[in-house]
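J.: this one's structure only:
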């Protein structure tokens with residue numbers, strides 16, 4: 001025991017050992033906050049562009065050579081500054097006869113254009129690939145977190 005007494009009283013280097021123990025958890029939390037911020041940014045961009053596309057689509061306005069899905073994808077690309085890959089975006093548009101029958105395929109009109117008063121559901125999804133494999137395991141998604149934005153509008157008479 002006398003042999004280890006000088007080592008127990010010597011505190012030099014204790015800070016580096018403590019840092020080595022705490023650093024992995026600290027960096028995991030830091031990367032998790034950055035990842036969460038990017039996911040929230042992407043969610044905000046998807047929701048904003050979906051709402052703009054739905055609002056424009058409800059009036060019957062169309063741009064040259066663009067359908068509503070392409071218009072929404074262009075809005076997402078411009079709002080994100082090219083941060084998101086447009087090839088991974090999925091836009092689905094479904095039209096229904098009223099709000100009470102949304103989700104019932106039997107009441108779907110099958111089209112979104114030209115029917116005034118129809119309720120149109122715009123859904124945009126984006127598969128976000130997580131940077132850290134541990135975050136994918138915590139979320140249970142296998143490394144991909146699907147971000148979804150939905151907008152409901154009633155078409156105007158056009």
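T.: Looks like it came in fine. A quick note: this is a predicted structure, and the numbers were derived from the prediction, not measured.
J.: ranges for the strands of the chain?
T.: For the chain, applying DSSP state E gives strands covering 90-96, 119-129, 144-154.
J.: for the ones you listed, which one ends up most surrounded?
T.: strand 119-129 (a mean of 19; mean count of other Cβ atoms under 10 Å). (C-beta placed from N, C-alpha, C; glycine too.)
J.: List the neighbouring strands of that one plus their orientation.
T.: Looking at strand 119-129 with DSSP bridges, its partner strands are strand 90-96 (antiparallel), strand 144-154 (antiparallel).
J.: before we move on, back to that, got TSV for the strands of the chain, with distance to residue 22 and mean pLDDT too?
T.: Converted to TSV, the strands of the chain look like this (distance: least, Cβ to Cβ, whole Å; pLDDT from 0 to 100):
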stretch	distance to residue 22	mean pLDDT
strand 90-96	41	89
strand 119-129	28	91
strand 144-154	27	91
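J.: want to throw those into a markdown table with distance to residue 12?
T.: Below are those laid out as a markdown table (distance: least, Cβ to Cβ, whole Å):
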| stretch | distance to residue 12 |
| --- | --- |
| strand 90-96 | 58 |
| strand 119-129 | 44 |
| strand 144-154 | 45 |
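J.: What residues does residue 67 make contact with?
T.: By Cβ atoms under 8 Å, 6 or more residues apart in numbering, no residues touch residue 67.
J.: what's the distance between it and residue 44?
T.: 24 Å (Cβ to Cβ, to the nearest Å).
J.: next one: residue 152
T.: Residue 152 is 18 Å from residue 44, by Cβ to Cβ.
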